[in-house]
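Asker: Task: produce atomic coordinates for the following.
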Amino acid sequence: MLKSVENEGYKKPTPIQQLAIPEVLKKNDLIATAQTGSGKTAAFALPIIQLLGVKGVNAKKKPRALVLAPTRELASQVGESFATYGRHTSMRKIVIYGGVRQHSQVKQLLRGGDVLVATPGRLLDLINQGFVKLDQLEFFVLDEADRMLDMGFIGDIERIISYMPKSVQSLLFSATMPREIEKLAEKLMKNPVKIGLNHKVSPVETVTSSVYFVEKSYKLALLKELLSKGEMKKVLVFSRTKHGADRLVQKLQQAKFRAEAIHGNKSQAFREKALAKFKSSRVNILVATDIAARGIDVDDITHVVNFDLPDEAETYIHRIGRTARAGKSGISLSFCEVKERYMLQRIEKLIGSKIPRVTGHRFESNIPLSVVHNKNKRSGNRRRRYRN
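Answerer: Numbers count the residues shown, from 1 in each chain. Got it, this is the predicted structure:
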C-alpha cells in the first residue's frame, strides 16, 4: 500500500486522514464530517485494505467490506480508489450500480470479491435476487451520508443494514450532519468516535471565489467571453436542470468550444465516456447537474462555474470542492441573476463571509440590490424549487 500511495504522489496525509485512519485501525466505529476534496476516500480505503489482510480471494466469495455511495459516478470513483490503493495486493473489488444491465455485475459477484462498492437501489435488488449475501461483512462505509438523505435513500439503507452482522465495523462520512443522519448512526453504531462534528462548514481554503451579477439572458455570453480568454483550462460548469445542461453544451459546441454534458437522462455508458474525455482533456468543459457531478474526482479542474446557483446552500460547498483537489488551488465563478440573489444570501450566511463581487464587466446587472431584496421578501414561499 505504501508503494501505491507513493506512486500516486501523496506526500503527507490530509487532516481527515490523520484523524480517521488511526481510529479505523483500532476497529472503532467512526462518524466523520469531511468536505468534498478532503481525501476521505483514502481515509477509509487504506485502513480497510490493511485490516482485510488480503492474501487471496476469500473462499466463500462473499464481500467482507461494503461501501454505499449515492450515485453511479461516486461508486465508480470509490471503486477506482480501492483498485489504486490495493494495486499491489490480491484484493478484489466489485462495483455495482443501477442504470445498466445487471448481467456483468452478477458475473463479478459470482466470481467473488473482498470489497463491494454499491448504490443502494441496485444492491437491494441483487440481495433480493439472492446474488449478494452480507453475512460475512466486517466493514461497512456509508459515504456522502447527507446526499443519501437528500436522495431519499435512508429507507433503503436501513433495509441493507438489516442484512449485516451486528458485529460489523461501521464508518459514516458526511459533509454535513442532519439530525436524520445522526439518528441513523445511533441505530447503527456503538460508542462511535466522532471527528469534526463541530467543524464549521466552509469552502475549501485554496479555492478563490467570486460572483458576477448578470441577467439570465446574458449568462451564456458572459461564459463564452470568459472561456475565450484562454485562462480556463479545465472547467466544470453546473446547470440546475438536465435540459439546461444540454442546451448550454449545444450552444458552446456551436461556438467551437469542446464541451460535453452529464446528467441523469444520459446513459451510464455515455456518462462514463464523457467523464473519460474530460479527464484526458479531449474535452475541457464538462456541464453537469449536481447529482451527476457528485462522483467527479479530477485533480486538475482549474475552474468551477456556477452557471445557475444551487437552491440548497450546502450544495455550493460540494460544487466548489470539485476544484482545488489534491492540494492544488482552484477558482470558482458564480453567475447570479435577479431571481437567484436570495440563494446567494443563503450561501454567504452558511459560509460566514461575503463572496467577492466582480464589477464593471459589460454584462453586469443594473438592478439595485434593495429592489431585489424587497421582491424576494414579498415572494415568500412561492419561490420555485428545481430538481436535477
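
Asker: what residues are up against N265?
Answerer: Going by Cβ atoms under 8 Å, 6 or more residues apart in numbering, N265 touches K242. Backbone N, C-alpha and C define where each C-beta goes, glycine included.

Asker: Swap in 10 Å and give it another go.
Answerer: By Cβ atoms under 10 Å, 6 or more residues apart in numbering, the contact set of N265 is 242-243, 245-246, 271, 289, 292.

Asker: just the strands in the chain please.
Answerer: 30-33, 65-68, 93-96, 115-118, 139-142, 169-174, 193-195, 207-213, 235-238, 259-262, 285-288, 303-306, 330-336, 357-358 (DSSP state E).

Asker: who does the third one touch, helix- and strand-wise?
Answerer: What it means is strand 93-96. Here strand 93-96 touches strand 65-68, helix 72-85, helix 103-111, strand 115-118, helix 120-128, going by 3 or more Cβ pairs under 10 Å, 6 or more residues apart in numbering; DSSP states H and E.

Asker: Partner strands of it and their direction?
Answerer: Sheet pairing here is set by DSSP bridges, and for strand 93-96 it gives strand 115-118 (parallel).

Asker: if you average pLDDT over the strand it pairs with, what comes out?
Answerer: For strand 115-118, mean pLDDT is 97.

Asker: Alpha carbons only: can I get it in CSV?
Answerer: The C-alpha trace of strand 115-118 is given here as CSV (Å, rounded to 0.1, in the frame of the first residue of the first chain):
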residue,chain,number,x,y,z
VAL,A,115,-14.7,-5.1,-1.3
LEU,A,116,-18.2,-4.3,-2.7
VAL,A,117,-19.0,-0.7,-3.7
ALA,A,118,-22.6,-0.2,-4.5
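
Asker: Tell me the buried residues in that strand?
Answerer: Under the neighbour-count criterion of 16 or more other Cβ atoms under 10 Å, strand 115-118 has 115-118 buried.

Asker: Compile those into JSON lines and extend it with columns for distance to Y342.
Answerer: Below are the buried residues of strand 115-118 laid out as JSON lines (distance: Cβ to Cβ, whole Å):
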{"residue": "V115", "distance to Y342": "44"}
{"residue": "L116", "distance to Y342": "42"}
{"residue": "V117", "distance to Y342": "38"}
{"residue": "A118", "distance to Y342": "38"}
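
Asker: Low-confidence stretches in this structure?
Answerer: 35-37, 54-60, 197-205, 292-295, 326-327, 367-388 (pLDDT under 70).

Asker: okay, now the domains of it?
Answerer: 2-195, 207-382 (automatic domain parsing).

Asker: Work out the gap between the shortest one and the centre of the chain.
Answerer: Between the centre of domain 207-382 and the centre of its chain there are 15 Å (Cα atoms, centre = their mean, to the nearest Å).

Asker: So for stretch 66-79, first residue to last residue, what's the gap.
Answerer: Terminal residues of stretch 66-79 lie 11 Å apart, using Cα to Cα, to the nearest Å.

Asker: Relative to the whole chain's centre, how far out is stretch 132-143?
Answerer: Taking mean C-alpha positions (Cα atoms, centre = their mean), stretch 132-143 and its chain are 21 Å apart.

Asker: and if you look at stretch 16-28?
Answerer: 22 Å.

Asker: correct me, but L74 touches H318?
Answerer: No. Here L74 does not reach H318: they are 11.1 Å apart, not a contact under Cβ atoms under 10 Å.

Asker: Of these two, which one has the most company?
Answerer: Per other Cβ atoms under 10 Å, whichever of L74 and H318 has more neighbours is L74, with 25 against 22.

Asker: Next up, the contacts around that one.
Answerer: Counting by Cβ under 10 Å, 6+ apart, the residues that L74 touches are 41, 67-68, 97, 117, 119, 143-144, 147, 291, 293-297.

Asker: Kindly tell me how buried N7 is, as a neighbour count.
Answerer: 12.

Asker: how far away is the closest residue in space to it that isn't next to it in sequence from E8?
Answerer: If the residues on either side of it in the chain are set aside, N7 comes closest to R87, at 7.8 Å by Cβ to Cβ, 6 or more residues apart in numbering. Relative to E8, R87 is positioned 10 Å away (Cβ to Cβ, to the nearest Å).

Asker: Over to S76?
Answerer: 18 Å.

Asker: With neighbour numbers in mind, choose between the two.
Answerer: Of the pair S76 and E8, S76 is the one with more neighbours under other Cβ under 10 Å, namely 21 against 14.

Asker: got the contact list for the more buried one?
Answerer: Per Cβ under 10 Å, 6+ apart, neighbours of S76: 69, 95, 97, 117, 119, 268, 271-272, 275, 295, 297.

Asker: Would you list the buried entries among those residues?
Answerer: By 16+ other Cβ under 10 Å, the contacts of S76 give 69, 95, 97, 117, 119, 271-272, 275, 295, 297 as buried.

Asker: ok, how many other residues are close to the residue nearest to N7?
Answerer: R87, neighbours per other Cβ under 10 Å, totals 13.

Asker: so it makes contact with K3?
Answerer: Yes. If you go by Cβ under 10 Å, R87 and K3 touch, sitting 8.1 Å apart.

Asker: so what's in contact with these two at the same time?
Answerer: By Cβ under 10 Å, 6+ apart, no residue touches both R87 and K3.

Asker: Would you mind measuring from H318 to S281?
Answerer: From H318 to S281 the distance is 23 Å (Cβ to Cβ).

Asker: ok, G264 - how many residues close by?
Answerer: 14.

Asker: Pretty sure it sits against H243.
Answerer: No. Counting by Cβ under 10 Å, G264 does not reach H243; the two are 11.3 Å apart.

Asker: Fine by me, we can end here.
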